[in-house]
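Enquirer: what shape does this take:
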Amino acid sequence: MCLAVPGRVLDIGEKDGTRMATVDFGGVQKEVCLEYLPDLQVGEYAIVHVGFALQRLDEESAKQTLELFAQLGMLQEEFGDPWEQAAAAGGEPWPFADDPDADPVSASEPERVLAAPQEEVQP
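Expert: Below you'll find the model as predicted:
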């Protein structure tokens, strides 16, 4: 699903002649085009869809929407790691979760991270 998500403008610059901003979406930062909202300023909120800021939004509405999206898991769906999402869709646990109860992967065990299960190929 592709959502229009509210985000807060952190900084504004220009890239290849296009006005761009770094926008924070509840902890996830993305680069966004500001061509549709040329007067948007740092600290303001906007609704962003597929990398374009489309409409200015007040702070209270933006925060309420971000909170609701987070509760519904929609921010994870929109901005989450695609590998983690694929593991979940396949019914497998994500081995790199930030769960404090999970068995941490130590630096002395890099093979746990790097080694993928190998299937035996028959000639």
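Enquirer: for Ile12, grab phi and psi.
Expert: Torsion angles at Ile12 (phi, psi; degrees, to the nearest 10) stand at phi -130, psi 140.
Enquirer: beta partners of the spatially closest residue to it that is not a sequence neighbour?
Expert: Spatially, and ignoring its direct neighbours in sequence, Ile12 is nearest to Ala21 (4.8 Å; CB to CB, 6 or more residues apart in numbering). C-beta here means a position set from N, CA and C on the backbone, and glycine is covered the same way. According to DSSP bridges, Ile12, Val32 are recorded as the beta-bridge partners of Ala21.
Enquirer: look up how far Tyr36 lies from Ala21.
Expert: 12 Å (CB to CB, to the nearest Å).
Enquirer: quick one: average confidence on the longest helix anywhere in the chain?
Expert: The helix of greatest length in the chain, counted in residues with DSSP state H as the criterion, is given as helix 59-72. Rounded to a whole number, the mean pLDDT of helix 59-72 is 85.
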